[in-house]
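> Okay, here's the prediction I keep looking at, along with the sequence it came from:
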Amino acid sequence: MSGDNETQRGALITDPSRSSGCCPACGSSRLVSYLDLGSVPVQANEFWPDEESATAADQAPFELAVCQNCGLLSNPAFDPEVITYDGQYEASLYFSPTFVAYADELAGHLAGKLPSGGTMVERGAGNGDVLGDVCRRAGASGVAFDPSYAAGATHRDGVDLRFVGSLDDVGPIEADLLAARHVVEHLHEPTGLLASATKMLASRGELYIEVPDASFTLDQGGVWDLIYPHVLYFTAPTLAHFAQLGGFAVDRGESTFGGQFLALEARPGNGSTPEAPIAHAADVEARLARLAATIEDRFDHWRTTLAEHRTAGSGVAVWGAGSKGVTFCHLIGGDAISHVVDVNPRKHGRHLPVSGHEVVGPEALAEDPPALILVKNPNYEAEITESVRNAGIDADIVAVS
């Protein structure tokens with residue numbers, strides 16, 4: 001492992017300062033930066049075959065700025081040219097019963113919006129798990145757009161699915177439902193998605209957007225969700241405002257998945273431009289300022305905890321090799337992390353970017369039990385605790401929000 005990477009990080013907190021550039025949603029130049037995490041892994045969900053290649057993984061600067069006009073949070077240092085999605089990328093959550101239950105509930109909800117024989121399009125569909133399930137339930141067909149998945153046609157449980165690398169490859173599509181789940185936060189020019197959605201949905205279709213909920217980061221200290229591929233961070237009002245700027249009328253917006261996701265449902269509207277939610281922007285800025293004032297203490301707490309366990313010779317396991325775990329291991333890091341655990345077998349034996357920690361399966365803990373297990377996503381605490389206790393491991397288990 002690569003130690004604590006102290007030389008690779010910049011200042012964790014900067015004085016609020018005017019940032020260059022414009023808000024990706026509303027175009028305002030009133031951006032103010034509050035956080036500077038220095039250099040972070042370019043891809044938090046790429047895993048490497050050995051420690052040497054992992055510690056050499058690309059890094060890029062991360063800042064967090066707030067738009068004082070609309071309240072959107074963004075990374076003004078983001079460069080889309082450094083992002084690629086290839087065979088190293090692995091982000092499936094379907095090995096967790098907790099997430100499977102959530103996805104099943106979501107598929108049932110979305111299926112209720114599709115007419116029999118209709119068409120659903122999903123941006124960022126991955127391998128089409130949710131899309132296929134929705135279309136199967138509704139008796140509909142699906143078009144999946146995801147640059148990290150091979151293009152082509154497939155049938156799954158009798159469902160007609162088409163996978164395309166670009167929506168430009170398939171010509172005009174009239175969709176009854178367009179889903180963009182965990183896509184918008186990756187787009188440095190997100191308004192293009194709304195423009196294409198308007199054409200695709202015409203007047204009869206519905207748009208479903210799901211993004212991480214920035215309120216979880218701001219108010220629950222979920223700073224481990226701050227990753228380079230996510231250039232945008234939405235609260236509920238800023239997501240609704242973004243959709244309205246694109247000419248959509250919002251039907252519903254709510255926080256889901258234990259407060260970690262935001263869901264928005266909208267239809268093409270009358271094209272009227274709403275006024276910028278200045279009051280909400282001021283609220284977001286105040287919450288970001290509070291986070292910036294406490295983030296150093298949060299990091300120091302975990303570094304001290306790891307150092308104490310290292311001195312005592314007791315192991316610490318980080319459970320969760322997703323983006324939260326990668327960020328924690330990079331920013332906190334250190335040889336005191338004895339295990340990085342994940343239930344996704346496709347990650348086992350591979351290494352986290354930059355920190356270089358090897359990912360192991362839960363069974364590895366029985367062979368070398370740690371004294372402390374840090375659960376990187378509190379939504380999975382009950383599931384993980386049951387697994388650990390069933391294995392006879394008597395470790396302290398702490399959920400790290």
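Happy to help now that I have it.
> on contacts alone, who are the packing partners of the host helix or strand of Gln244?
Using DSSP states H and E, Gln244 sits within helix 236-245. Under the contact criterion of 3 or more CB pairs under 8 Å, 6 or more residues apart in numbering; DSSP states H and E, helix 236-245 touches helix 191-201, strand 206-212, strand 248-256, strand 261-268, helix 278-312. Where you see a C-beta, it was placed from the backbone N, CA and C, and this is true even at glycine.
> Show me what the third one is packed up against.
I take that to be strand 248-256. Packed next to strand 248-256, using 3+ CB pairs under 8 Å, 6+ apart, are helix 191-201, strand 206-212, helix 236-245, strand 261-268.
> what is the orientation angle of it with strand 261-268?
Computed by axes from the mean of the first three to the mean of the last three CA atoms, to 10 degrees, the angle separating strand 248-256 from strand 261-268 equals 160 degrees.
> returning to what we had before: confidence-wise, which of the helices and strands packed on strand 248-256 is weakest overall?
Ranked by mean pLDDT, these end with helix 191-201 at the bottom, a mean of 90.
> Could you check the angle it makes with helix 236-245?
60 degrees.
> What are the contacting residues of helix 191-201?
24-25, 121, 123, 167, 172-175, 178, 180, 183-184, 187, 207, 242-243, 245-248, 267-268 (CB atoms under 8 Å, 6 or more residues apart in numbering).
> tell me the SS of Ser29?
What DSSP: H, G, I helix; E, B strand; the rest coil gives for Ser29 is coil.
> quick one, phi psi at it?
Main-chain dihedrals, Ser29, degrees, to the nearest 10: phi -90, psi 10.
> Can you report how many residues neighbour it?
Burial measure for Ser29: 13 neighbouring residues, criterion other CB atoms under 10 Å.
> Leaving out chain neighbours, which residue sits closest to it?
Cys22 (5.2 Å; CB to CB, 6 or more residues apart in numbering).
> Show me the strands in the stretch 51-200 of the chain, by range?
Along the stretch 51-200 of the chain, the segments classed as strands by DSSP state E, counting those that start in this stretch run 59-67, 73-74, 119-123, 141-145, 152-156, 159-164, 177-181.
> Reformat those strands as JSON lines; add mean neighbour count and distance to Glu81.
JSON lines is the format used below for the strands of the stretch 51-200 of the chain (neighbours: other CB atoms under 10 Å; distance: least, CB to CB, whole Å):
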{"stretch": "strand 59-67", "mean neighbour count": "23", "distance to Glu81": "10"}
{"stretch": "strand 73-74", "mean neighbour count": "28", "distance to Glu81": "17"}
{"stretch": "strand 119-123", "mean neighbour count": "25", "distance to Glu81": "20"}
{"stretch": "strand 141-145", "mean neighbour count": "23", "distance to Glu81": "21"}
{"stretch": "strand 152-156", "mean neighbour count": "12", "distance to Glu81": "28"}
{"stretch": "strand 159-164", "mean neighbour count": "19", "distance to Glu81": "23"}
{"stretch": "strand 177-181", "mean neighbour count": "24", "distance to Glu81": "22"}
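> Least confident of these, on average?
Ranked by mean pLDDT, the strands of the stretch 51-200 of the chain end with strand 152-156 in last place, scoring a mean of 67.
> can the strands of the stretch 51-200 of the chain go into CSV with extra columns for distance to Ala321?
CSV is the format used below for those (distance: least, CB to CB, whole Å):
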stretch, distance to Ala321
strand 59-67, 18
strand 73-74, 25
strand 119-123, 25
strand 141-145, 25
strand 152-156, 27
strand 159-164, 26
strand 177-181, 21
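> of all those, which lies closest to Asp368?
strand 59-67 (30.1 Å; CB to CB).
> and the closest one, how far from the chain's centre?
15 Å (CA atoms, centre = their mean, to the nearest Å).
> What strands line up against it, and which way round?
strand 31-41 (antiparallel), strand 73-74 (antiparallel) (DSSP bridges).
> Restricting to C-alpha, output stretch 211-228 in CSV.
The C-alpha trace of stretch 211-228 is given here as CSV (Å, rounded to 0.1, in the frame of the first residue of the first chain):
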residue,chain,number,x,y,z
VAL,A,211,-28.6,11.6,-8.6
PRO,A,212,-26.8,11.5,-5.3
ASP,A,213,-28.4,13.8,-2.7
ALA,A,214,-26.0,16.6,-1.9
SER,A,215,-27.8,17.2,1.4
PHE,A,216,-26.4,13.9,2.6
THR,A,217,-22.9,15.2,2.0
LEU,A,218,-23.6,18.7,3.4
ASP,A,219,-25.6,17.7,6.5
GLN,A,220,-24.6,14.2,7.4
GLY,A,221,-20.9,14.6,6.7
GLY,A,222,-20.9,12.3,3.7
VAL,A,223,-17.7,13.8,2.3
TRP,A,224,-16.6,10.4,1.0
ASP,A,225,-19.1,10.9,-1.9
LEU,A,226,-16.9,13.7,-3.3
ILE,A,227,-15.2,12.1,-6.3
TYR,A,228,-13.7,13.4,-9.4
